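Enquirer: Task: produce atomic coordinates for the following.
(one chain, ligands or ions: 2)
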Amino acid sequence: MTYCVGVTGGIGSGKSAVTDRLAALGITVVDADVAAREIVAPGQPALDEIREHFGPGVIQADGNLDRAQLRKIVFENPKQRKQLEAITHPRIRDQLASQLNSATSPYVILASPLLLESGQNSFADHVVVVDVPESVQLERTMARDNNDAALVEKIMAAQLPRPERLANADTVIDNSGTLEALDEQVVQLHQTLLRLAQQSPQ
Ligand SMILES: CC(C)(COP(=O)(O)OP(=O)(O)OC[C@H]1O[C@@H](n2cnc3c(N)ncnc32)[C@H](O)[C@@H]1O)[C@@H](O)C(=O)NCCC(=O)NCCS
Ligand SMILES: Nc1ncnc2c1ncn2[C@@H]1O[C@H](COP(=O)(O)OP(=O)(O)OP(=O)(O)O)[C@@H](O)[C@H]1O
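Expert: Ligands and ions are numbered 1, 2, ... in the order given. Presented below is the predicted three-dimensional model:
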């Protein structure tokens, strides 16, 4: 398999800001949030299981998952979140494996908010953590998603605490500054990853 770089970070830390820039440099980005949507598309078995477990109230009239409804249920109740993860995570993992296997760029990115929590880091040869203080995570996520602070805090509480995430990093990208400061770090990161990928015995 192509040299795999896991990119993680809490909600709103700037994973997409980093991976969009790497994609623009020609690197294939496999995204767990995208895979999570693909495996619950209408007609997929995971959507039927979600309907059976959570009831018809989490399905919209057009047959798509009512994400806002399910979001409220699972982040209010850790037991329900675990049930949803039991349905989705094995399928997300299979989807990621198949997408990673078909990548042909010099290295491949696996972007995932739950890289460490869900064991997806077993795919990764190198782990990059995109890091900001929790106050910045909260502020940027609220500005982006129009969610209230209480919900964002509950989502953050369902993810690894910042010190534990940082303890698992091979490289840390500090995204507390401007997007220009991020650009500079990403250019350097790309050079480092090209070198590591080239050195890696495949
Ligand atoms: C609950 C759902 C329907 C809410 O959908 P919504 O469109 O509002 O959010 P989206 O999927 O874009 O996720 C937004 C962010 O929430 C966080 N998040 C999502 N699921 C989880 C989870 N199970 N635990 C902790 N944080 C999570 C991530 O930071 C993610 O980037 C959805 O997040 C979901 O199906 N989650 C379970 C699958 C999963 O774990 N996905 C994360 C990638 S592995
Ligand atoms: N350095 C920065 N300065 C200002 N805004 C930023 C910066 N980096 C990212 N943002 C903005 O913060 C928000 C969160 O960033 P982004 O969507 O990249 O995070 P993410 O880690 O991918 O989030 P999620 O886990 O929810 O998918 C976005 O609106 C993005 O445009």
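Enquirer: so what's the residue nearest to A97 when sequence neighbours are not counted up against?
Expert: If you skip the residues right next to it in sequence, A97 has F123 as its closest partner in space, 7.1 Å away by C-beta to C-beta, 6 or more residues apart in numbering. For every residue, glycine as well, the C-beta is placed using N, CA and C. Contacts of F123 were listed using C-beta atoms under 8 Å, 6 or more residues apart in numbering, and they are C4, G6, L96, A97, L100, L110.
Enquirer: what's the domain layout of this protein?
Expert: Residue ranges of the domains in the chain are recorded as 1-27+107-201, 33-104, according to the TED database.
Enquirer: Quick one, which of the ones you listed gets closest to ligand 2.
Expert: The minimum distance between ligand 2 and these falls on domain 1-27+107-201, with 3.4 Å, by C-beta to the nearest ligand atom.
Enquirer: Buried ones in the helix or strand hosting H53, by neighbour count?
Expert: Secondary-structure assignment from DSSP states H and E places H53 in helix 45-54. When neighbours are counted by 16 or more other C-beta atoms under 10 Å, the buried residues of helix 45-54 are found to be A46, L47, E49, I50, F54.
Enquirer: re the thing from before, next, format the contacts of F123 as TSV and append neighbour count and distance to L166.
Expert: Converted to TSV, those look like this (neighbours: other C-beta atoms under 10 Å; distance: C-beta to C-beta, whole Å):
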residue	neighbour count	distance to L166
C4	22	20
G6	24	14
L96	23	23
A97	15	27
L100	19	24
L110	27	18
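Enquirer: These in strands, which ones?
Expert: Secondary structure from DSSP state E places C4, G6, L110 of the contacts of F123 in strands.
Enquirer: interface residues of this structure facing ligand 1?
Expert: Taking C-beta under 6 Å from any ligand atom as the measure of proximity, the chain contacts ligand 1 at 11, 32-33, 36, 67, 70-71, 74, 81, 84-85, 88, 92, 112-114, 118, 155, 158-159.
Enquirer: Kindly recompute the last result at 5 Å.
Expert: I11, A32, D33, A36, R67, L70, R71, T88, P113, L114, A158, Q159 (C-beta under 5 Å from any ligand atom).
Enquirer: Relative to G6, how far out is the residue nearest to the spatial centre of the chain?
Expert: Nearest to the mean C-alpha position of the chain, by C-alpha atoms, centre = their mean, lies S112 at 2.3 Å. When distances are taken as C-beta to C-beta, to the nearest Å, S112 and G6 turn out to be 7 Å apart.
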